[in-house]
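*Asks:* What follows is a protein structure lacking sequence information:
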């Protein structure tokens, strides 16, 4: 039965129907792949900040594509234009598609007007990762921070996004908080829109 | 009571934790893109992808054996079937078929019609020499090496290059007899 494929041939990737996004792979397959991503990037850097930046860049590329994909598929070619709208899009829609669940929480920073936090008790990418002591505050969640930044940037909400471990009382493992600090222009525009 | 005999790929896949394939696909894409930027030469990228796959393969085999309940295969033919029917299904959720056996049963092709790595992918003109899915060949090579089989793996067909399926030729070079990892006098 060689050559009898069930997939139709298309000369152009854009002619192909968009998948519904229901396909799955095993979590281990993803974990193995992600671990290779981290290990490879470790060979390319001299310090932790650089490593986080590279993981963030990789995530950014994913985020930019996720935004495009979801706007096409789930939102009828529309995207959110308001701050809270885009944040809840990230927290619910994006999270649900990528990680199979809505993020644990979305909060506004108490000290700064321009800061928002998405927290996850056990971030998918950190599931099988423990950080060696000598790597300090390094968090592989930088990859997810990159995804968030990619989505936000693509939607016209430039921001600085970082991932941090936050210890939780009574829990052995800290949770990961993705801290979003929007660019000034975003808040100015938001204020103007009322 | 533990199940007796090997479990089917479907049964294992239904029981393991799973993630959305798009996250997997896009993450793989990000890796390939990073390699292309860093290494510049397509040849080097092919090598690095194969190496990453190998790294995965030598670890993945443990999980495979632990979850699949597969016992020692009687010959290479059985090995190939197990990889295609159970291995691919268990990790990637797709099944592959085995064809094109040579006369002495040491070389065959694993054919994939569905491949979650390549959704949304199109090779630009500058990357025509890229074996986009080269990580898969590394995985198979690494995993087999851990069960004492040295193999050589070549891409015969690649849908990104216009073929109608993905065909991975697996050639058994030699079976390494099992040894203790150390010698007495060392």
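*Replies:* Received it, and whenever you're ready, just let me know what you need. The model shown is predicted, which means the values in this text are computed figures rather than measured ones.

*Asks:* is whichever helix in chain A runs longest anywhere near chain B?
*Replies:* As assigned by DSSP state H, the longest helix anywhere in chain A is helix A:48-73. Yes - Helix A:48-73 reaches chain B (CB under 8 Å from any CB of the partner chain) through A:54, A:57-59, A:61-62, A:65-66, A:69. In short, each C-beta sits where N, CA and C put it, glycine included.

*Asks:* Report the contact partners of the residue lying closest to residue B:172 once chain neighbours are set aside.
*Replies:* Nearest residue to residue B:172, sequence neighbours excluded (CB to CB, 6 or more residues apart in numbering or on different chains): residue B:106, at 4.3 Å. Listed by CB atoms under 8 Å, 6 or more residues apart in numbering or on different chains, the contact set of residue B:106 reads B:76, B:171-172.

*Asks:* and of these, the nearest to chain A?
*Replies:* For the contacts of residue B:106, the minimum distance to chain A (CB to the nearest CB) is 17.8 Å, reached by residue B:171.

*Asks:* quick one: the biggest helix by length in chain B near chain A?
*Replies:* When chain B is parsed with DSSP H, its longest helix is helix B:42-68. Yes - using CB under 8 Å from any CB, helix B:42-68 reaches chain A at B:48, B:52, B:55-56, B:59-60, B:63.

*Asks:* so what does that helix touch, helix or strand wise?
*Replies:* Other elements packing on helix B:42-68 under the criterion 3 or more CB pairs under 8 Å, 6 or more residues apart in numbering or on different chains; DSSP states H and E are helix A:27-42, helix B:21-39, helix B:88-92, helix B:134-146.

*Asks:* element containing the residue lying closest to residue B:77 once chain neighbours are set aside?
*Replies:* In space, and not counting its chain neighbours, residue B:77 is closest to residue B:105: 5.6 Å by CB to CB, 6+ apart. Using DSSP states H and E, residue B:105 is not contained in any helix or strand.

*Asks:* and the residue most central in space within chain A, what is it in contact with?
*Replies:* With distances taken as CA atoms, centre = their mean, residue A:147 lies nearest the centre of chain A, 3.0 Å away. Taking CB under 8 Å, 6+ apart as the contact definition, residue A:147 lies against A:59-60, A:62-63, A:66, A:94, A:98.

*Asks:* how about a cut-off of 10 Å?
*Replies:* Residues near residue A:147 by CB atoms under 10 Å, 6 or more residues apart in numbering or on different chains: A:56, A:58-67, A:90, A:94-95, A:98-99, A:125, A:141, A:161, A:178, B:23, B:26-27, B:30.

*Asks:* what about the residue nearest to residue B:172, distance to chain A?
*Replies:* 19 Å (CB to the nearest CB, to the nearest Å).

*Asks:* Tell me the pLDDT of that residue.
*Replies:* For residue B:106, the model assigns a pLDDT of 94.

*Asks:* Take the contacts of residue B:106 and keep only those in helices.
*Replies:* Among the contacts of residue B:106, the members found in helices (DSSP H) are residue B:76.

*Asks:* Kind regards, and thank you for your time.
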